[in-house]
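Compute the structure for the input listed below.
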Amino acid sequence: MTDASLRQSSAISHQRGLVFVFLAGVFWSTIGLGVRLIEEATVWQILLYRSISLSAFLYVVIRLRTGASPFAFLRHAGPAAVIGGLALVAAYSGGIYAIQATSVANAMLLFASAPFLAAVLGWLVLREPVRRATWLAIAVAVGGIGVMVADKNGGAALAGSLAALGSAFGFAVFTVTLRWGKAGETLPYVFLSGLFAIAITAGMCLASGLPLVLSPHDGAVALGMGVFQVGTGLVLYTLGSRTVPAAELTLLSLAEVLLGPVWVWLFLGETATLNTLLGGLILLAAIAGNALSGMRRRPPPITTP
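Presented below is the predicted three-dimensional model:
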């Protein structure tokens, strides 16, 4: 191929990657609406059903992409995969509880702190350098989080906010374990987390006396979340992230945070408090500022898939 053809091919791949990553954020943003549509099921029941459909979906996707069983990857999984899988289970649980206990806007905005938590964890555990601009953005983000939780004096709203931060921490741990284990493929890690979640949530349901059989409505919503909200979004992100620089990935991921509250407002009329909106704007500004400052650095070369 000529240089011009290669540049054109790279540009097309990059544009396609941008669309895939944005669409991934759109799918992920429906978690709040999905949880709000649940009528009776608890956190453990929702996560159980969602994990069953997610694991089945990822099994098919991994087989189609690699031609091998996901269990073949897991046989070579080290401690990084196990820790990352368990961290995702904690992140999933905290995320669902947070949305049930506080507003979707509050929970989704607090989820957005995960990249900053991952940066700090990477610095502490892997000795990865952190740019000055990122440290400044972290300080601003902490201020925004403080504003968001300032009016949550107690009860379920405060517990929900803490659960959202715990969920963000779980995703941060997962991110660091991917780099620690030098994972070339993310999907098997998530598949493992689904298996962990099935075992853990089924055990929690039995120990709590919760029925394993949900109503047709709740079961359908929870199963649908596993395939569409998590699974499809994850596949689109995996495909798109191969040709999109990290800074652009961060900015596009804001679609999830911004659209999540929009869906529940449009369909359910749910709103957020002034503190949540102001603190959220500060947090989003910190994320966007950090990503834009990273764009000034020379981006990695874009390669064709």
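
State the pLDDT value of residue 8.
With respect to pLDDT, residue 8 scores 68.

ok, now the one 4 residues further on?
Looking at residue 12, its pLDDT reads 80.

Count residues in the vicinity of it, would you?
Residue 12 has 12 neighbouring residues, counting by other CB atoms under 10 Å. Quick note: C-beta positions are derived from backbone N, CA and C, even for glycine.

host element of it?
Residue 12 is part of helix 3-28, with elements assigned from DSSP states H and E.

Alpha carbons of the helix or strand just after that helix, in CSV - could you do that?
Per DSSP H and E, the first helix or strand lying C-terminal to helix 3-28 is helix 31-37. Output of helix 31-37 as CSV, limited to C-alpha atoms (Å, rounded to 0.1, in the frame of the first residue of the first chain):
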residue,chain,number,x,y,z
ILE,A,31,-27.2,1.2,33.9
GLY,A,32,-29.2,3.8,35.9
LEU,A,33,-32.3,3.4,33.8
GLY,A,34,-32.0,-0.4,33.9
VAL,A,35,-31.7,-0.5,37.7
ARG,A,36,-34.5,2.0,38.1
LEU,A,37,-36.8,-0.3,36.0
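
If we go by neighbour counts, what in stretch 39-51 is buried?
41, 42, 43, 44, 45, 46, 47, 48, 49, 50, 51 (16 or more other CB atoms under 10 Å).

my bad, should have said stretch 67-75
Result for stretch 67-75 [16+ other CB under 10 Å]: buried residues 70, 73, 74.

same question, stretch 276-290
Neighbour-count burial for stretch 276-290, counted by 16+ other CB under 10 Å, picks out 276, 277, 279, 280, 282, 283, 284, 286, 287, 289, 290.

Pipe those into TSV and attach pLDDT per row.
Output for the buried residues of stretch 276-290, formatted as TSV (pLDDT from 0 to 100):
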residue	pLDDT
276	92
277	92
279	93
280	92
282	94
283	92
284	91
286	91
287	90
289	89
290	87
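
Kindly indicate which of the residues you listed lies nearest residue 190.
residue 287 (22.9 Å; CB to CB).

what helix or strand is that closest one on?
With elements taken from DSSP H and E, the one containing residue 287 is helix 274-295.

just the buried residues of stretch 276-290 now: which is nearest residue 194?
Of all those, residue 287 has the smallest distance to residue 194: 27.7 Å, by CB to CB.

mind listing what the closest one touches?
112, 115, 116, 137, 141, 250, 254 (CB atoms under 8 Å, 6 or more residues apart in numbering).

Over to residue 255?
The contact partners of residue 255, by CB under 8 Å, 6+ apart, come to 22, 25, 26, 29.

coming back round to it: centre of the chain versus the helix holding residue 12, how much separation?
Chain-centre distance of helix 3-28: 20 Å, with CA atoms, centre = their mean, to the nearest Å.

which of the residues in that helix are buried?
Quick answer for helix 3-28 (16+ other CB under 10 Å): 13, 14, 17, 18, 20, 21, 22, 23, 24, 25, 27, 28.

Can you lay out those as CSV showing distance to residue 198?
Shown next, in CSV, are the buried residues of helix 3-28 (distance: CB to CB, whole Å):
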residue, distance to residue 198
13, 36
14, 37
17, 32
18, 34
20, 28
21, 28
22, 30
23, 27
24, 23
25, 26
27, 22
28, 21
